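> Could you look at this predicted model? Sequence included:
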Amino acid sequence: MKYKLRSFLQLKVIFLFSLFSFFSCYTYGNTQESSQYVSKAWAQLGKRNFSEVYRLTEECIKKYGPQADSLAQQLNDFPPQGKEGSYQIMNDVATCYFIRGEALMREGKIEEAKKVFKEVIEKYPFASAWDPRGWFWSIREKAEITLKKLEKGVIEEVEEEKEVVITKVSLHDEGEEFPVDYSRYGEFKNLGTSEYTYVVNDPIGLAKAVGEGIYPNTTSVKFDPNFVKVRKKLSKIDHWKILNSRDLSLAFYKWCIAPEPQGVKQFYIGEILEKSGLIKQAIKAYYAVLVHFPKTIGWTYWNTPWYVGKVALYRIKSLLKEYPELNLKLEGVYIKVKNGTNNNVRDDIFIVNPGRLVPKSLKDRLACFKKRRLGKPVKIQGKGKVKLVRYQSGDWQLLVENTPFMIKGITYAPTKVGESPDEGTLSNWMYQDT
């Protein structure tokens, strides 16, 4: 009797579990995520299928609107870079409002469109949408522009004239050495291996040698008269925004105290010094990255790893080539990143040798004037004014009207006729041939 009762209970549990699983799968299969509504609505807008646009956007707003409103109330500015995903539902609902407004406008329902644009501006001022071309755009900003066009008949994008402050860095302490002989102030250990490190034995001597703003000299800047003048307002300045301004002096002082990893700080201090024409000091900053922080990792806008040490190395090589009067070369340097082609930085292995800045020999100086021997053309592709030529040396050269041509820019997003990133119909070019 007990055995039969236990068997009956087991069968009942299995039946209920199966029933729950069935309805869960059914619900999941029939529930669309907010982002799916957006992609479908964009596609229908591109096809001018307005009734379907209204159905999709209304369904999304009704289903996810309360959650979007709750997220919007948490913000008093745009979400920090990299945190946009936490506000995905809010962004999708706001985008649905925007798409709905666009559809109404294209149907000639101007008053209704204006009402929708005003609503999205008021409810979701910090919402953003993803552009297939690779960045986020402000829904409020685009809605305001469209609203002005509807109300006034023209788009007025008159920017306020702002006073542009143009300054350059004037150093209080340039340091006592160039190039700096790091072997005098510390010890290089495990050169050319993944265990590379530089141990500072004389931090005071090294600080005097490198000068203001260069690691480990963090004190000289505090005695700089120009720093003292602007110290109080530095706390109110965003170090990333000031970085691209022409006020290089203020940017330098801000970055000297910026809350960023030392490798990142040194790189951008070097960039500011380079823009100011202080080439020797810029090279010191970039080289400090190679010596002290070659394994520093930054992050791009797209959240992909950016290897600061490798970029600093390229900057030094470029400056030494651009300024041959320095009569220097970087000898024995290399930074290799094993597993550096993926986005997982945990498996990265850095093989480092920062090399040495040494004077050029006579042979090095003569090599600068030596022309590369290409030999005769062995292969020519193209018959018009544009040709691709391969020489005996193995080098290829692009010729336009028989003159060497340098490609300065290239797009990786060819667009099919009829597709538009602004209407959400631009497909991924990597899958267009599948």
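Yep, it's here.

> C-alpha only now, for contacts and for neighbours.
OK.

> you'd agree L398 is up against Y391?
No: contact criterion CA atoms under 8 Å: L398 and Y391 do not qualify, at 11.4 Å.

> Now for these two: what residues contact both?
Among the neighbours of L398, none is also in contact with Y391 (CA atoms under 8 Å, 6 or more residues apart in numbering).

> Helices along this structure, start to end?
Under the criterion DSSP state H, the chain carries helices at the ranges 2-29, 34-46, 50-72, 88-106, 110-123, 139-152, 203-210, 225-234, 239-243, 248-256, 262-275, 279-292, 308-322, 362-367.

> between the ones you listed, which one is nearest to T193?
helix 279-292 (13.6 Å; CA to CA).

> Just the CA atoms of the closest one, as CSV, please.
What follows is helix 279-292, C-alpha atoms only, in CSV (Å, rounded to 0.1, in the frame of the first residue of the first chain):
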residue,chain,number,x,y,z
ILE,A,279,59.2,66.1,-27.4
LYS,A,280,62.0,65.0,-25.0
GLN,A,281,59.7,65.1,-22.0
ALA,A,282,57.0,63.2,-24.1
ILE,A,283,59.4,60.5,-24.9
LYS,A,284,60.3,60.2,-21.2
ALA,A,285,56.6,59.7,-20.3
TYR,A,286,56.1,57.1,-23.0
TYR,A,287,59.3,55.3,-22.0
ALA,A,288,58.2,55.3,-18.4
VAL,A,289,55.2,53.2,-19.5
LEU,A,290,57.6,50.7,-21.0
VAL,A,291,59.8,50.5,-18.0
HIS,A,292,57.2,50.6,-15.1
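
> for that helix, packing partners?
Taking 3 or more CA pairs under 8 Å, 6 or more residues apart in numbering; DSSP states H and E as contact, the helices and strands that helix 279-292 lies on are strand 197-200, helix 262-275, helix 308-322.

> Out of the ones you listed, the one nearest K62 is which?
Per CA to CA, nearest to K62 of the helices and strands packed on helix 279-292: helix 262-275, 45.1 Å.

> ok, and what's touching the closest one?
168-169, 213-215, 243, 248, 251-252, 255-256, 258, 279, 281-286, 288-289, 292-294, 296, 298, 308-309, 312.

> Just the mean pLDDT for it, thanks.
For helix 262-275, mean pLDDT is 97.

> What of stretch 311-331?
Computed over stretch 311-331, the mean pLDDT rounds to 95.

> Name the residues of stretch 76-93 that are buried.
Buried residues in stretch 76-93, counting neighbours by 16 or more other CA atoms under 10 Å, are found at P79, E84, Y87, Q88, I89, M90, N91, D92, V93.

> Pick out the lowest-pLDDT one from those residues.
Across the buried residues of stretch 76-93, the bottom pLDDT score, 73, is held by E84.

> Might you report the residue contacts of that one?
Taking CA under 8 Å, 6+ apart as the definition, E84 has no contacts.
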